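Student: could you work out the structure for the sequence below:
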Amino acid sequence: MRYRPMAVTVVANLLLLGVVAYQLIAPVAPIAEPAVQPKSRVGVLAPLPSFEPPPPDRFAAINARAPFDPARHPVADATAARTTAAATLDLTLVGVVAGAGAAVAVLRRASGQTVSVRIGESVDGWRLASVTPGAVVFRTGATDYRLPLRAATGLAQSPLDNGSPPPSTDKPGQ
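Tutor: Below you'll find the predicted structure:
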């Protein structure tokens with residue numbers, strides 16, 4: 001009786017082996033795929049209508065409210081605030097980099113060219129006098145011009161100083 005389960009297992013394995021051998025040897029009927037007929041174009045698509053943007057005066061209410069400016073100054077006032085003395089300084093402040101006693105202002109000219117200026121260096125006859133987190137001050141003779149950091153939309157942007165102390169320059173273990 002001990003050999004009976006083993007005999008049943010051997011017979012089952014032989015049957016399975018026979019089925020696998022048949023599947024390997026037996027011919028497979030080819031699968032006929034239906035031919036795909038290309039669809040003919042019924043007509044030509046109509047051209048899309050051209051988009052005409054609304055006139056700028058339709059956005060006057062948005063410019064007057066300036067929803068993203070924390071001080072709620074109108075956008076037009078930020079542009080009109082440039083003085084005639086500053087008209088020769090056609091630069092936009094992109095950002096400032098300050099640390100370890102050195103500060104650099106990153107500026108963009110009207111032509112799109114980017115310029116980096118350190119304190120004391122000059123651009124278009126204006127000398128960079130000071131750099132703060134939210135603005136830079138240029139000086140020529142007795143005239144000072146404060147160039148604030150502007151957001152992409154031309155609105156004043158608040159400084160990013162959160163009051164936390166600067167990171168330590170000490171190396172661990174010293």
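
Student: correct me if wrong: Val137 contacts Arg146.
Tutor: Yes - here Val137 reaches Arg146: they are 5.2 Å apart, a contact under CB atoms under 8 Å. C-beta: built from backbone N, CA, C; applies to glycine.

Student: more neighbours: which of the two?
Tutor: Set side by side, Val137 and Arg146 show more neighbours around Val137, with 17 against 14, by other CB atoms under 10 Å.

Student: can you mark which positions in the helix or strand harbouring that one are buried?
Tutor: Element membership for Val137, per DSSP states H and E: strand 135-140. Neighbour counts over strand 135-140 (16 or more other CB atoms under 10 Å) mark 135-138, 140 as buried.

Student: and of the residues you listed, the nearest to Gly99?
Tutor: Distance to Gly99 across the buried residues of strand 135-140 (CB to CB) is lowest for Val136, with 15.5 Å.

Student: wait, what's in contact with that closest one?
Tutor: With contact taken as CB atoms under 8 Å, 6 or more residues apart in numbering, Val136 is in contact with 93, 96, 105, 128, 130, 146-147.

Student: go again with 10 Å.
Tutor: The neighbours of Val136, taking CB atoms under 10 Å, 6 or more residues apart in numbering as the test, are 91, 93, 96, 103-107, 117, 119, 128-130, 145-149.

Student: by mean pLDDT, flag the weakest helix or strand of this structure.
Tutor: When the helices and strands of the chain are compared on mean pLDDT, DSSP states H and E, helix 75-80 comes out lowest with a mean of 46.

Student: send the alpha carbons of the helix or strand following it over as CSV?
Tutor: Next along the chain after helix 75-80, taking DSSP H and E as the criterion, comes strand 91-99. Listed next in CSV are the C-alpha coordinates belonging to strand 91-99 (Å, rounded to 0.1, in the frame of the first residue of the first chain):
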residue,chain,number,x,y,z
LEU,A,91,17.7,97.3,-15.9
THR,A,92,15.5,94.8,-14.1
LEU,A,93,16.6,93.2,-10.8
VAL,A,94,16.3,89.5,-11.2
GLY,A,95,17.8,88.5,-7.9
VAL,A,96,20.4,89.1,-5.2
VAL,A,97,23.1,86.8,-3.8
ALA,A,98,24.5,87.8,-0.5
GLY,A,99,26.7,86.0,2.0
